[in-house]
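This is a predicted model, with the sequence first.
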Amino acid sequence: MQVKGAQLIFDLTAKKLISYDSEKCSEKNLRKNFVAFIQGLISFLVDIPGTAYHKCLQGRKNAMRMLVNLLQERREKPRKQPIDFFDHVLEELKKEETMLTEEIFLGLMFVLLFASFETTSLASSDHPALLKKLTEEHGMIIKQRENADAGLTWKEYKSMTFTFQIINETVRLANIVPAIFRKAIREIQFKGMQIIIFSVGFQL
């Protein structure tokens, strides 16, 4: 049941984030690539075919290649109106004063897919009351739409306050990747405190 739940959440999240449909997309094994990536995250660092670490690298490489191809496709054939989260972030990437770079953009999409698959989905399955409230929040958003099948809007995304709490608490309680490092891109001062802003991407 837990595996099916994780698969269901991954498929739904991938659809909302990048309009991914395994039956129509050229990349048929996106979830399989993430499984390989996750299983080799904390493994002996030997990059030899057949090892968990090699499969981890290949899984990430394949997933990132799909995202790069998707970015190129959206640039060549831009949509009139944003349909998924990928479109919204791409619009931000086009702005002159944005902090986003193409590397950060692609890293963000990869991390969001990864997080929805292996952290939030597994943690929420152990807390049915929280899962019920989370479902109600998403159900209310759909109920308020004129078209229930319409894509996720930026306003809807920003309204998911309980969803954000679940994600943050999941990361606080059980970060399954304790040894992955991020690169500091900027430091700022706020009320006497030094705050370091990290990129969302990471490299193995």
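Good, I have the coordinates.

Return the helix or strand in this protein with minimum mean pLDDT.
The weakest-scoring helix or strand in the chain, judged by mean pLDDT, DSSP states H and E, is helix 121-124 (a mean of 54).

Report the distance from the helix or strand following that one to the chain centre.
Toward the C-terminus, helix 121-124 is succeeded by helix 128-143 as the next helix or strand (DSSP states H and E). Taking the mean of its C-alpha atoms, helix 128-143 sits 20 Å from the chain's own mean (C-alpha atoms, centre = their mean, to the nearest Å).

Could you list every helix and strand in contact with helix 128-143?
Under the contact definition 3 or more C-beta pairs under 8 Å, 6 or more residues apart in numbering; DSSP states H and E, helix 128-143 sits against helix 121-124, helix 161-173. In short, each C-beta sits where N, CA and C put it, glycine included.

weakest of the ones you listed in terms of mean pLDDT?
Of all the helices and strands packed on helix 128-143, the minimum mean pLDDT falls on helix 121-124 (a mean of 54).

Let me know the helix or strand that the residue most central in space within the chain is in.
With distances taken as C-alpha atoms, centre = their mean, Leu112 lies nearest the centre of the chain, 1.2 Å away. Using DSSP H and E, Leu112 sits within helix 102-115.

what comes up buried for that helix?
Buried residues in helix 102-115, counted by 16 or more other C-beta atoms under 10 Å: 104-110, 112-115.

Pick the one among those residues closest to Arg31.
The nearest member of the buried residues of helix 102-115 to Arg31, counting by C-beta to C-beta, is Leu113 at 9.2 Å.

Kindly provide the distance from the closest one to Pro49.
Leu113 sits 25 Å away from Pro49, taking C-beta to C-beta, to the nearest Å as the criterion.

How about Thr98?
Separation of Thr98 from Pro49 (C-beta to C-beta) stands at 40 Å.

Please apply the same query to Ile142.
Using C-beta to C-beta, Ile142 is found at 45 Å from Pro49.

Between these two, which has more neighbouring residues?
Ile142 (13 against 7; other C-beta atoms under 10 Å).

wait, what's in contact with that one?
For Ile142, the contact set (C-beta atoms under 8 Å, 6 or more residues apart in numbering) comprises Ala148.

The helix ranked longest in the chain packs against which elements?
Counting by DSSP state H, the longest helix found in the chain is helix 52-76. Under the contact definition 3+ C-beta pairs under 8 Å, 6+ apart, helix 52-76 sits against helix 30-39, helix 85-94, helix 102-115.

Could you point out which of those helices sits nearest Ala150?
Closest among the helices and strands packed on helix 52-76, using C-beta to C-beta: helix 85-94, at 13.3 Å.

Now do the closest one and helix 52-76, the angle between them.
Relative orientation of helix 85-94 and helix 52-76, computed by axes from the mean of the first three to the mean of the last three C-alpha atoms, to 10 degrees: 70 degrees.
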